[in-house]
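Student: Let's see this in three dimensions:
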Amino acid sequence: MKDIFISADTIISPLGFTSEANVSEIAKERSGITLHNDISNSPCYASIINDKKLNEAFNTLGNPDIYTKLEKMMILSLQNTISQAAFSISDKTALIIATTKGNVDALNNNFEPERAYLSVLGKKIKDFFGFKTEPIIISNACVSGILAIAVAKRFIQNEYYDNALVVGGDIVSEFTLSGFQSFQAISDKPCKPFSNQRTGISIGEAAASVAISNKNTEKEAIQIIGDGSCNDANHISGPSRTGEGLYLSILSALKEAKLKPKNIDYISAHGTATAFNDEMEAIAFNRAKLEHVPLNSLKGYYGHTLGASGLLETIIGMHSIKNNTLYESLGFDELGVSMPLNIIQNTTRKAINTFLKTASGFGGCNTAVIFKKVTH
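Tutor: Now for the predicted structure:
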């Protein structure tokens, strides 16, 4: 099978409008999660992009008034990634869009209701950049972002496309917030993944994008070497108590990558800070013999950015490999799961050659992807 590489990346978030700016803020242990009074009936903690700053940045590309917030976030991210990519858009370039809720806010603002359709979101992104192929929408709960990377890899390996541009995004809305509130899953303080003191999630918004191809044009590149995705078929919102779906996804990724658990240098976990998710992940990692591997959750910096989370957190993992730095799992204090985990408690320099990104979501979906640093 062809080797597949990521050649460019961009994060748009409350921590900055480039990947480098985001990594810099994480290195300083700064979180985008703050208290907000205007998105719910009661104050809540969330990570939200400033509308004024977003519009100012978008003004260089077009009229911000004719695009939704999510469209502006995605377009800004893709514009920067396309400018860095090692290839130009052709009729063999895939556009893959990952999102959980898309333009759901179009139902409550000045845009026509049809704007909420995922197909319309895809067409807006396609037309803005002049893609020659129809967009592929990945909307599979909270694994959407990392699953989109796996889908791009498989399309290119099977020669449906030569390369792909992948963008993921979601926004914080009253609709999304009320859904998690109905599960009593929203934390009354910034979230604390894997912590004994965790009380639920903080939600966030972000857009992230990567360029993927079968060509390695960099002195130090990131290669996608294995992936797996498995549904545990347990419950519409609750994960398997045995971690079965995530465990099988990890085994599949390790098998394709031809690696043993001891060869994984770092894990970027899903780590939502809910009681059931964190416990399930701990069980799955222990079943896969990965309990010794340094692990963090980035939700303490961004909140849960839904369909963007797996893509955003992959990009931070890529920079972690390139910088040989393990970043603190912000908000962690005392281990709050029943199985041992090696949580990263302080930002540390360490040689990293491989990392595993995992994600799990409603409906029982689970995805695991393994990345490797390649140097010439």
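
Student: okay, CA-based contacts and neighbour counts for the rest of this
Tutor: Fine.

Student: Show me the shaky parts of the chain.
Tutor: 376 (pLDDT under 70).

Student: for the nearest residue to residue 237 once chain neighbours are set aside, what are its contacts?
Tutor: Closest residue to residue 237 apart from its sequence neighbours, by C-alpha to C-alpha, 6 or more residues apart in numbering: residue 362 at 4.5 Å. Taking C-alpha atoms under 8 Å, 6 or more residues apart in numbering as the criterion, residue 362 is in contact with 141-142, 235-239.

Student: cool, residue 112 as well?
Tutor: Counting by C-alpha under 8 Å, 6+ apart, residue 112 makes contact with residue 106.

Student: measure it to residue 272 for me?
Tutor: Distance check for residue 112 against residue 272: by C-alpha to C-alpha, to the nearest Å, it reads 33 Å.

Student: now stretch 256-270: how far from the chain's centre is it?
Tutor: 18 Å (C-alpha atoms, centre = their mean, to the nearest Å).

Student: mind starting the numbering at 372 from now?
Tutor: Happy to do that; since the first residue is 372 now, the last one works out to stretch 627-641.

Student: where does residue 596 land in three-state SS?
Tutor: For residue 596, the assignment made with DSSP: H, G, I helix; E, B strand; the rest coil gives strand.

Student: check which helix or strand covers residue 495.
Tutor: Assigned by DSSP states H and E, residue 495 belongs to helix 489-500.

Student: who touches that helix?
Tutor: Against helix 489-500 from outside (C-alpha under 8 Å, 6+ apart): 442, 445-446, 466, 468, 473-474, 485-486, 503, 505-508.

Student: List the buried residues in it.
Tutor: Residues 489, 492-493, 495-497 are the ones in helix 489-500 that count as buried (16 or more other C-alpha atoms under 10 Å).

Student: What is the nearest of these to residue 398?
Tutor: Closest approach to residue 398 among those (C-alpha to C-alpha): residue 496, at 31.9 Å.

Student: before we move on, the earlier item: output the contacts of residue 733 in JSON lines; the columns should cover distance to residue 566.
Tutor: Listed next are the contacts of residue 733 as JSON lines, based on distance: C-alpha to C-alpha, whole Å:
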{"residue": "512", "distance to residue 566": "24"}
{"residue": "513", "distance to residue 566": "21"}
{"residue": "606", "distance to residue 566": "24"}
{"residue": "607", "distance to residue 566": "25"}
{"residue": "608", "distance to residue 566": "21"}
{"residue": "609", "distance to residue 566": "19"}
{"residue": "610", "distance to residue 566": "18"}
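
Student: Can you list the residue ranges for helices in this structure?
Tutor: For the chain, the helices defined by DSSP state H cover 390-398, 422-429, 440-455, 489-500, 515-528, 545-553, 615-628, 646-658, 670-673, 680-694.

Student: closest one to residue 711 among those?
Tutor: For the helices of the chain, the distance to residue 711 is smallest for helix 646-658, at 7.2 Å, taking C-alpha to C-alpha.

Student: re earlier: which two of the buried residues of helix 489-500 have the greatest separation?
Tutor: Within these, 489 and 497 form the most distant pair, 12.3 Å apart (C-alpha to C-alpha).

Student: quick one on the thing from earlier: from the contacts of residue 733, list just the buried residues.
Tutor: Among the contacts of residue 733, those scoring as buried are 512-513, 610 (criterion: 16+ other C-alpha under 10 Å).

Student: got TSV for those residues, with distance to residue 668 too?
Tutor: Formatted as TSV, these follow (distance: C-alpha to C-alpha, whole Å):
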residue	distance to residue 668
512	18
513	14
610	18
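
Student: From those, pick the one nearest residue 453.
Tutor: residue 513 (24.8 Å).

Student: what sits against residue 735?
Tutor: Applying C-alpha under 8 Å, 6+ apart, the residues contacting residue 735 are 602-611, 616.

Student: Now with 7 Å, please.
Tutor: Residue 735 makes contacts with 602-607, 610, as judged by C-alpha atoms under 7 Å, 6 or more residues apart in numbering.

Student: How about residue 717?
Tutor: Applying C-alpha under 7 Å, 6+ apart to residue 717 gives the contacts 698-699.

Student: is residue 376 in a bridge, and if so with what?
Tutor: Beta bridges link residue 376 to residue 584, residue 594, judged by DSSP bridges.
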